[in-house]
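Peer 1: below are the sequence and a predicted model; questions follow.
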Amino acid sequence: MRLLLDTHALLWVLTEPARMPDQLIERLSDPANELLVSAASAWECATKHRLGKLPGADAVLASFADHLANLGATEVPISTADALLAGSLNWAHRDPFDRVLAAQSIRRSVPLVSRDPVFSSLPGVGVLW
């Protein structure tokens, strides 16, 4: 199964896995599952770190690609089609990072691993957690 990690899920699995249910950690650790991480998550982490909202993210940002490799995760670039869908979604939620993640989930028919309830209001996004 392919799974797209929301930014907080990525950060928690890397730095605070105890915040996630054991069954989810097992699922994310299962080599039969393909973990996907959006370029939007790197963008979000760097932006929030710059703004002082993620003060402890230095180590994650400094070795972002290494962390993805250690997780066995595949980076998902933001394509033009992803951007167009993200911008045109009929969804009141304005966060650009969440809009890109939702578009990527929809376009790839991949569930989004997230604890954020905002995604449940958007048809076409399957949420796991």
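Peer 2: Yep, it's here. Numbering: from 1, shown residues only.

Peer 1: any buried residues in the lowest-mean-pLDDT helix or strand in the chain, and which?
Peer 2: One helix or strand of the chain scores below all others by mean pLDDT, DSSP states H and E: helix 58-62, with a mean of 94. For helix 58-62, burial by neighbour count (16 or more other Cβ atoms under 10 Å) applies to residue 60. Just so you know, the C-beta spots here come from the backbone N, C-alpha and C atoms, and that holds for glycine as well.

Peer 1: so what touches that helix?
Peer 2: Identification of contacts with helix 58-62 by Cβ atoms under 8 Å, 6 or more residues apart in numbering yields 11, 14, 15, 45, 46, 49, 67.

Peer 1: show me what the helix or strand just after that helix is packed up against.
Peer 2: Next helix or strand after helix 58-62 toward the C-terminus (DSSP states H and E): helix 64-71. With contacts taken as 3 or more Cβ pairs under 8 Å, 6 or more residues apart in numbering; DSSP states H and E, helix 64-71 sits against helix 7-15, strand 34-38, strand 74-76.

Peer 1: please name whichever of those is nearest to residue 129.
Peer 2: When the helices and strands packed on helix 64-71 are compared by Cβ to Cβ, helix 7-15 sits nearest residue 129, at 7.3 Å.

Peer 1: quick check: mean pLDDT of stretch 77-97?
Peer 2: In this model, stretch 77-97 has a mean pLDDT of 97.

Peer 1: how about residue 13, what does it touch?
Peer 2: Residue 13 neighbours (Cβ under 8 Å, 6+ apart): 5, 20, 25, 28, 71.

Peer 1: closest one to residue 40 out of those, please.
Peer 2: Using Cβ to Cβ, those come closest to residue 40 at residue 5, 10.8 Å.

Peer 1: if we can go back for a sec, from the contacts of residue 13, list the buried ones, please.
Peer 2: Applying 16+ other Cβ under 10 Å to these flags 5, 20, 28, 71 as buried.

Peer 1: report the two of these separated the most.
Peer 2: Every pair of the buried ones among the contacts of residue 13 checked by Cβ to Cβ; the farthest is 20 and 71, at 13.1 Å.

Peer 1: shaky segments in this protein?
Peer 2: By pLDDT under 70, the chain contains no weakly predicted segment.
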